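> Can you look at this prediction? I've put the sequence above it.
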Amino acid sequence: MWKSLIALGMLASSASAMAQTHQLKIDDCHIDGIKEQIKCGTLTVPENYNKPDAVKIDVNFTVLPAIDNSSNKVPLMFLAGGPGQAATELSAMLRRNYYEIRKTRDIVLVDQRGTGKSNPLLCDNEAFKATNVYTMSSSDYNIDEIHSCLAEFKQDLSQYNSENAIRDFDAVREALGHQQINIYGGSYGTRAALVYMRLFPQNLKSVVLDSVGPIEVPIGPFGQSAARSFSLLIENCHKDAECKKAFPNLEQEYQQVFERLVKSPIEIAIPHPRLGTEVKFLIDAEKFVSTLRLQLYSMGQRTLVPLVINQAYKGNFMPFAGLVAMNDEEQAKGSLYFGLTLNIVCNEDFPLVDENAWLADADNSFGRNISHRAWRLACPVWPKYRPDAEFYQSVTADIPTLILSGNLDPVTPPANGDKSDATLPNSKHIVVKNAAHIVANTDCGVGVVAQFLDSLDVSSLDEECLAEIPDESFMTSLNGNM
Amino acid sequence: MSAGFGQLKALIIKEFKEAFRDKRALMVAFSMSLLAPVMIMVMSKTMIKEMVDKPTVYAEISGGEFAPKLMKEFRDENIVPLSEASENDQRIWQKRGIKITIPDTYGSDMVEGRVINITLSADYSDKPSLSPVRRIKDVVRDHARAIGYKRIIMRGIDVRIMKPLNIVEQDRSQPSSNAMMISIMLGLYLLMGAFMSGLSIAIDSSAGERERNVLEMLLCQPVSTLKIVLAKLTCSASISVLSIVLMLTVTSVSIGFVDLTKIGATFNIDAFTFSALLILLVPICILAAALQLFFSFQAKSFKEAQSTVTMLIMLPAFIPIALTFIDDRPAWLDWAPVAGQSIIMEDLFKGLPVNWAALAVTSLVTIVMSAALVLTLAKKLKSEKVVMALS
């Protein structure tokens, strides 16, 4: 009896030691955009954490090593946005932007399951690739494409949820031998970070939430926040003497173009922006609004918006074609893996939005209900899973938390940050007047994050430089201005 | 045998006593190990400052009011009009006289898409002006490029066609970011330290003793000349080793005061590197002492010994520098004394695995050479010619 027990115990321990050696693979590697070698690895985890011996998947990750790790500071794990962005694809960008943090800390980037090289939920279907950004129209989308895309997936979609993603992240943390870790979440990454705070608070040293998407605010109805960001843009244009002079009727011009496109889409022949050969360029309201909305995310792109609207109003859609051209790339680095985006949003957020909420969100003067279409088309047919009720509880973990919001943000307005700030006991919310989506993408923003990681004291941050970011300025002629 | 060892011990004690008696000579011996770390620290600080800091540049900007956006870019890069300088700065920068002229047609030319000439006038042979000139050019170029890209987008062209080729660089060096400049300096100083620190003691205990007529006395005693040479060698080499240990320790401490992360580098001497360097340098210290003793004894006078041996210490500085000019190094360099150690030291600082075989061979060659020198010298000391400096 005893003998068998002891024998079993040994077997179990040797088996787990075997599993351990098979689980983590890490090696020096090169990644596009980074000249030096970094660390790349995979960790084998169960697809379903309740069935640890069933299907296994490999979670892909990279580590950007600290320049000087002699002081062994706690690393920073970066949680990407979307949902559906692959964190490792942002390695090169973060290596550049996070210099101040990287000086003394490793940065850990994990591809969320369903993205990047972690068993991606990617459709081979034409409609999900941006191969035809000029000729396609929004009415081309139809439900059959969703079905055929779903048929391509071999994964158990119910396991590709936010909570399991966090279990993967925490497993990577443990496998890398870190007792605790700091996390930075941007956009949807903040939602992931909040889930992390609820599931494994003891493993987190500190948290940065940048452009917050709290559990309390469902992802999907972005009509109001986009309209708010757009009206701030018009307001800022009219505060600037030159912009006001160049575009005195910007709001009206936008409304007229919008109405014209709603009535009937425009089709013109243009030289293909990349090929130079003639191509039909179809402009409908959805393409117009969603392309402009995308520009509202970044301070750099916002400078172009008034001019594009004004030119479109005058009948010149070439500037608009230039903006569309920027999306002419098949699965660009850092873009969304739509299968995962839909899988999470359709199950974790979409069911929370009722008809009244959709209607209220559509009552705006920018895109109306245009941003709703994709969700409302795809979500009803998407396979269903339901998170626990606990998933929707406000997070109250007592961890030092820095919350950042850009006032001009078209998706996660400062009001979102206020919600998390209210429930978290040890947090500070900084709203940056002249920032849009994501604050920590400038030297100043990253500097504040680095400072916070060092001090872990939200009350003593020197955030002056954030307030000194100058007001936005705009391009007022096709050749620029003085 | 034990009597022989007792003699050697007595001789060594005698040499150490003599060495430690002359405090000034000893200070000279250790000065290198204290000065080198300070030099390294000061030089890296200056270098980092030059690489990272953007000290304010004051330029006479005329027509700034025509180009507010460009002016903002200048200001972001800490380039400001001379009129805003403090009195003291104003005097310096006035003399430097960097002038930027923006034409009054800037606004209209920009809108019409004409080329705008921004005039930059400076004395390009004035070294302190070079960095400001470069920074001004960078701002103008980057601002112009940003406008150019936007113009292209606004004409419905995919900007990426402006960049037909993109080079993806892959650096296969080990991801150790030890600051190369510091490694090179430290490597050089270590080799020089190994050669120089025992210098005064070696000369004093050979040519010096001869001039003081102590050597004659010593040689009259019933001890073998080999023991006498070995005792002198031990003393001189030990001082060198001590000096190197001191240098490494002080460098480890002093480098902590330099924020190397500013330039994306670090510098650590861990226990492994420390011991590996020591293993590497001890044979060099022995060889240096042997060479110095050999040449000092050959010299006719103390003064001649000094000049001959001083020439000798050029060797450790010359070899590593010469090595940097040899791209395809012949294999024998790996085990040649000084060159071999220098190559292994380079690997060590780069974080590459140490080639233990090469280390063993080069150490052996170095020791064998030292032994040969010692034996020859011991034999020579038996001849009156050398003792009386008659050769």
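Perfect, I can see it now.

> Need phi/psi at A:D156.
Backbone torsions for A:D156, taken as degrees, to the nearest 10, come to phi -80, psi 100.

> ok, now A:I181?
phi -150, psi 150.

> hang on, isn't it packed against A:I107?
No - using Cβ atoms under 8 Å, A:I181 makes no contact with A:I107, being 10.6 Å away. No exception for glycine: its C-beta is placed from N, CA and C like everyone else's.

> Quickly list what's touching both of those two.
Common neighbours of A:I181 and A:I107, using Cβ atoms under 8 Å, 6 or more residues apart in numbering or on different chains, are A:75-77.

> How about the contacts made by the residue most central in space within chain A?
By Cα atoms, centre = their mean, chain A has its centre lying nearest to A:G81, at 2.2 Å. Neighbour list for A:G81: A:186-189 [criterion: Cβ under 8 Å, 6+ apart].

> hang on, A:E174 in a helix?
Yes - secondary structure of A:E174 (DSSP: H, G, I helix; E, B strand; the rest coil): part of a helix.

> who touches the residue nearest to A:L194 when sequence neighbours are not counted in this structure?
Nearest non-adjacent residue to A:L194, counting by Cβ to Cβ, 6 or more residues apart in numbering or on different chains: A:V395, 4.6 Å away. A:V395 sits next to A:194-195, A:197-198, A:215, A:420, A:423-424 when contact means Cβ under 8 Å, 6+ apart.

> go with 6 Å
Shown in contact with A:V395 (Cβ atoms under 6 Å, 6 or more residues apart in numbering or on different chains): A:194, A:197-198.

> any idea how far it is from chain B?
34 Å (Cβ to the nearest Cβ, to the nearest Å).

> Now do the phi/psi pair for that residue.
A:V395 has phi and psi values of phi -90, psi 130 when expressed as degrees, to the nearest 10.

> burial measure for A:C243, as a count.
Close neighbours of A:C243, defined as other Cβ atoms under 10 Å in any protein chain shown, add up to 24.

> got it, and B:A59?
25.

> For it, give the beta-bridge partners.
Judged by DSSP bridges, the bridge partners of B:A59 are B:P81.

> residue boundaries of the strands in chain A?
A:24-31, A:34-46, A:56-64, A:76-79, A:107-110, A:181-187, A:204-212, A:266-271, A:278-283, A:401-406, A:427-432 (DSSP state E).

> show me where pLDDT drops low in the chain?
You didn't say which chain, so I picked chain A. Scanning chain A for pLDDT under 70 picks out the ranges A:1-22, A:125-131, A:139-141.

> Chain B is the one I meant
B:1-3, B:174-178, B:386-391.

> burial of the residue nearest to B:F297 when sequence neighbours are not counted, as a residue count?
Distances taken as Cβ to Cβ, 6+ apart place B:S206 nearest to B:F297, at 5.0 Å, with adjacent residues excluded. A count of nearby residues for B:S206, using other Cβ under 10 Å, gives 27.

> Hmm, B:S197 and B:S243 touching each other?
Yes - B:S243 lies in contact with B:S197 (Cβ atoms under 6 Å); the separation is 3.6 Å.

> Show me which of those two is the more surrounded one.
Legend: neighbour count by other Cβ under 10 Å for B:S243 and B:S197, higher for B:S197 (31 against 25).

> pretty sure that one contacts B:S240?
Yes - applying Cβ under 6 Å as the test, B:S197 and B:S240 come out as touching, 4.4 Å apart.

> Tell me the spacing between the residue nearest to the centre of chain A and A:T115.
To A:T115, A:G81 is 11 Å away according to Cβ to Cβ, to the nearest Å.
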